[in-house]
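K.L.:
using only what follows, build the 3D model:
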Amino acid sequence: MPTMKNSVFSQKIYSFLLSAYRWYLQTPERSLEEAYKAALQIKAIEDEHFNGQKIDYQSTIHSNSVMDYFESDLKKQLKIARMRLTEFKASRWFSNESHQKAAHKTGIEYPSTSLILEKLRFIDEVISKYTHFATETTSPPIVDKPIVDKPIVDKPQIVQVDRAVAQPLQPKLPNPNKEINPKKFRKVDTTGILPRSILNTISRLQIELDPNSEEDVVKNFRQAQRRTIISIRFILLLIIVPLLTHQIAKTLVVGPLVQHFRGSETEEVFLNEEMEEEALQKLQRFEEEIKFESFITNAPPLYPEELENKLKEKASEIAEEFRVESANAIKNVFADIFAVGAFIWLLVTSKSSIMVLKDFIDHVVYGLSDSAKAFIIILFTDIFVGFHSPHGWEVILEGISHHWGLPANRDFIFLFIATFPVILDTIFKYWIFRYLNRISPSAVATYRNMNE
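P.N.:
Below is the predicted model of the structure:
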């Protein structure tokens, strides 16, 4: 009997190893077939919804919601096709004549070379249309026209002059994948033969007379709309996801664990001395209120036993209140860890949304007037590093200590207030001197005049 069991066990191991080896030998064929199916899915969408043309997210045939659906499906199929093609190439590189002979012995028949070439040709034909699809969808190229966005007209001219001075012997080759407006970089605009307003007016008239100007305006508007929607949605996610994670973790995960490990019989009422002092002050105030009421009313005087009973009841209520507050502080510590983890995970998995959000903030900031930029800078600097900012920092630090059940260390708070706002003030001044003075000198001048 043991010999039969061993033989059965050996046969199972042999069949398992054989199936695993067959799976390994079929890797090239399986990868190519999955890539081919993904390409067929993309081709089916093109034929059914785009008249056999490329899936273009700027198309006006369908609504924005429908285009978002097609775009997500296209991203998924492109990812599958490219990953499987890479897997196919790698497995073919490791394959040799001995592997092919072993495959024939195990009953695996590889497809013909003509069929493989036909599938590869079809896959390349489909996915070659979307070579730059990832960069176009994550950060849409916004073409800045003088009539659409005026605040950044001077920025590309400064960059062009600096490159010409720094590299006079290296000619700048044109990039076929980048749309450039040649009228924006003409030599006339930099030398100042004519006033810039006249040149901008001429450029605007040329754009208005261009028959394709309406399509460009609609295209720019759709791209700006898409960028705004993605940015606002990502900002809401950054706020809502950590808050929901904090509440869910505190209610469903951390709360039961804290209640389990902190039994009502052995738990301590107070986490720190401040809580104990606050509880004693409440009990003392309650005793004084009872005595005051007995003095100002015609009620008979309380006996020491009655007073002691009332104080015991109040002490029990205060103890239960601070017991709940102590448990809540412990829950907040672990729930905050979950919330920070969710926030970091959201940042790590949303790199494309972060790029779109950065582009959105740049356009919003550059679109502000000089007085608005100066007003915002003064507002933030006065709040965080101004004369009255130490009181705000003190309230914030005490609130954080109370939220986590920690005693408010006055020495640490005073040391923090004496150093951190100074560091922030230095960073603000360096940013104004290093970056804002180069990007918008007029905003810096307005800021200095308003600050004075």
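
K.L.:
check the gap between Thr381 and Ile432 for me.
P.N.:
Using C-beta to C-beta, to the nearest Å, we find Thr381 at a distance of 9 Å from Ile432. In short, each C-beta sits where N, CA and C put it, glycine included.

K.L.:
the two: which is more packed in?
P.N.:
It is Thr381, of Thr381 and Ile432, that has more neighbours when counted by other C-beta atoms under 10 Å, with 19 against 16.

K.L.:
packing partners for the strand or helix carrying that one?
P.N.:
Thr381 is part of helix 370-385, with elements assigned from DSSP states H and E. Helix 370-385 sits against helix 389-404, helix 410-431, helix 441-451, with contacts defined as 3 or more C-beta pairs under 8 Å, 6 or more residues apart in numbering; DSSP states H and E.

K.L.:
those: which one's closest to Pro28?
P.N.:
Pro28 lies closest to helix 410-431 among the helices and strands packed on helix 370-385, at 54.8 Å (C-beta to C-beta).

K.L.:
what residues does that closest one touch?
P.N.:
377, 380-381, 384-385, 389-390, 393-394, 397-398 (C-beta atoms under 8 Å, 6 or more residues apart in numbering).

K.L.:
try 7 Å
P.N.:
Applying C-beta atoms under 7 Å, 6 or more residues apart in numbering, the external contacts of helix 410-431 come out as 381, 384-385, 389-390, 393-394, 397.

K.L.:
one more: stretch 74-93?
P.N.:
The contact list for stretch 74-93 (C-beta under 7 Å, 6+ apart) reads 27-28, 31-32, 34-35, 38-39, 41-42, 55, 123, 127, 130, 133.

K.L.:
now rank those residues by neighbours and give me the top one.
P.N.:
Greatest neighbour count in the contacts of stretch 74-93, by other C-beta under 10 Å, goes to Ala35: 26 neighbours.

K.L.:
residues in contact with that residue?
P.N.:
Ala35 neighbours (C-beta under 7 Å, 6+ apart): 81, 84-85, 88, 123.

K.L.:
let's have the residues you listed in JSON lines, adding pLDDT.
P.N.:
Formatted as JSON lines, those follow (pLDDT from 0 to 100):
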{"residue": "Ala81", "pLDDT": "87"}
{"residue": "Arg84", "pLDDT": "83"}
{"residue": "Leu85", "pLDDT": "84"}
{"residue": "Phe88", "pLDDT": "84"}
{"residue": "Ile123", "pLDDT": "88"}
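
K.L.:
list buried residues within these.
P.N.:
Buried members of the contacts of Ala35, scored by 16 or more other C-beta atoms under 10 Å, are 81, 84-85, 88, 123.

K.L.:
could I get the buried residue list for stretch 70-83?
P.N.:
By neighbour count on 16+ other C-beta under 10 Å, the buried set for stretch 70-83 is 70, 74, 77-78, 80-81.

K.L.:
next, format these as JSON lines and append secondary structure.
P.N.:
Listed next are the buried residues of stretch 70-83 as JSON lines, based on DSSP: H, G, I helix; E, B strand; the rest coil:
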{"residue": "Phe70", "secondary structure": "helix"}
{"residue": "Leu74", "secondary structure": "helix"}
{"residue": "Gln77", "secondary structure": "helix"}
{"residue": "Leu78", "secondary structure": "helix"}
{"residue": "Ile80", "secondary structure": "helix"}
{"residue": "Ala81", "secondary structure": "helix"}
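
K.L.:
looking at those, which is nearest Glu276?
P.N.:
Closest to Glu276 out of those is Ile80 (62.1 Å), distances taken as C-beta to C-beta.

K.L.:
tell me, what's the model's pLDDT at the closest one?
P.N.:
We have a pLDDT of 88 for Ile80.

K.L.:
got it, and Glu325?
P.N.:
86.

K.L.:
what residue is smack in the middle of this structure?
P.N.:
The chain has Leu347 as the residue nearest its centroid, 3.8 Å off, counting by C-alpha atoms, centre = their mean.

K.L.:
from Asn200, how far off is Gln223?
P.N.:
Relative to Asn200, Gln223 is positioned 22 Å away (C-beta to C-beta).

K.L.:
oops, could you answer that again for Phe375 instead?
P.N.:
Per C-beta to C-beta, Phe375 is found 27 Å from Asn200.

K.L.:
repeat that for Met83.
P.N.:
Met83 is 48 Å from Asn200, by C-beta to C-beta.

K.L.:
Ile80 now?
P.N.:
Note on Ile80: its distance to Asn200, by C-beta to C-beta, is 48 Å.

K.L.:
equivalent analysis for Thr349, please.
P.N.:
The gap separating Thr349 from Asn200 is 43 Å, by C-beta to C-beta.

K.L.:
is Gln223 in a helix, a strand, or coil?
P.N.:
From three-state DSSP, the assignment for Gln223 is helix.

K.L.:
name the helix or strand of this protein that has the lowest mean pLDDT.
P.N.:
The helix or strand of the chain with the poorest confidence is helix 154-166; it has a mean of 39 (mean pLDDT, DSSP states H and E).

K.L.:
would you mind measuring from Ile396 to Phe384?
P.N.:
Ile396 sits 10 Å away from Phe384, going by C-beta to C-beta.

K.L.:
neighbour count for the two, which is higher?
P.N.:
Higher neighbour count among Ile396 and Phe384: Phe384, with 15 against 12, using other C-beta under 10 Å.
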